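S.K.: Make a model of this:
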Amino acid sequence: MADEFDPEKFEDKYANYFNELQRAYKNAFNQMNDRYDSELIHGIDQTVLNESEPFYEDGEFRVELPENPRERIRGAVAVDDETFEETLEEYVERIESELYRTLGADRPE
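M.R.: Down below sits the predicted model:
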């Protein structure tokens with residue numbers, strides 16, 4: 001774990017927080033994989049989240065997804081739109097939670 005989270009160092013996140021980022025994404029993946037269809041979780045992980053980008057702005061973490069996440073998984077995993085959207089939304093929320101936890105950053109109130 002990082003000694004103390006430094007928002008300025010997060011601007012160069014891959015140089016300063018690479019291991020923590022990997023751990024946060026992996027922890028979120030494991031949590032989601034335990035609760036949902038593993039084919040769907042693996043599909044989201046490999047086709048959408050592999051090109052996502054975590055940011056820290058105005059005291060908050062957010063995960064920016066690539067364009068057209070639904071189209072990226074279409075054909076790879078059979079899932080209806082509503083299930084996909086709900087699962088992806090929860091997955092992103094778990095990643096963001098894990099970023100706070102793994103990096104030791106305080107959540108905004």
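
S.K.: who's in contact with residue 40?
M.R.: 77, 79, 83-84, 87 (C-beta atoms under 8 Å, 6 or more residues apart in numbering). The C-beta positions use only the backbone N, C-alpha and C, and glycine is treated the same way.

S.K.: in what helix or strand does it lie?
M.R.: Element membership of residue 40, judged by DSSP states H and E, is helix 38-47.

S.K.: pLDDT score assigned to residue 106?
M.R.: Per-residue pLDDT puts residue 106 at 86.

S.K.: And what about it, helix, strand or coil?
M.R.: With DSSP: H, G, I helix; E, B strand; the rest coil as the basis, residue 106 sits in coil.

S.K.: Now it: closest residue in space that isn't a chain neighbour?
M.R.: Distances taken as C-beta to C-beta, 6 or more residues apart in numbering put residue 100 closest to residue 106, at 7.5 Å, once the chain neighbours are dropped.

S.K.: Can you show me the helices along this structure?
M.R.: Assigned by DSSP state H, the helices in the chain fall at 7-10, 13-16, 18-35, 38-47, 69-73, 81-103.

S.K.: Mean pLDDT added to these, as JSON lines?
M.R.: Listed next are those as JSON lines, based on pLDDT from 0 to 100:
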{"stretch": "helix 7-10", "mean pLDDT": "92"}
{"stretch": "helix 13-16", "mean pLDDT": "94"}
{"stretch": "helix 18-35", "mean pLDDT": "96"}
{"stretch": "helix 38-47", "mean pLDDT": "95"}
{"stretch": "helix 69-73", "mean pLDDT": "92"}
{"stretch": "helix 81-103", "mean pLDDT": "96"}
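
S.K.: who wins for proximity to residue 58 among the ones you listed?
M.R.: helix 7-10 (9.8 Å; C-beta to C-beta).

S.K.: what residue is smack in the middle of the protein?
M.R.: Among the residues of the chain, the one closest to the centroid is residue 95, at 3.6 Å (C-alpha atoms, centre = their mean).

S.K.: Excluding chain neighbours, what is closest to that residue?
M.R.: Using C-beta to C-beta, 6+ apart, the closest residue to residue 95 is residue 28 (4.4 Å).
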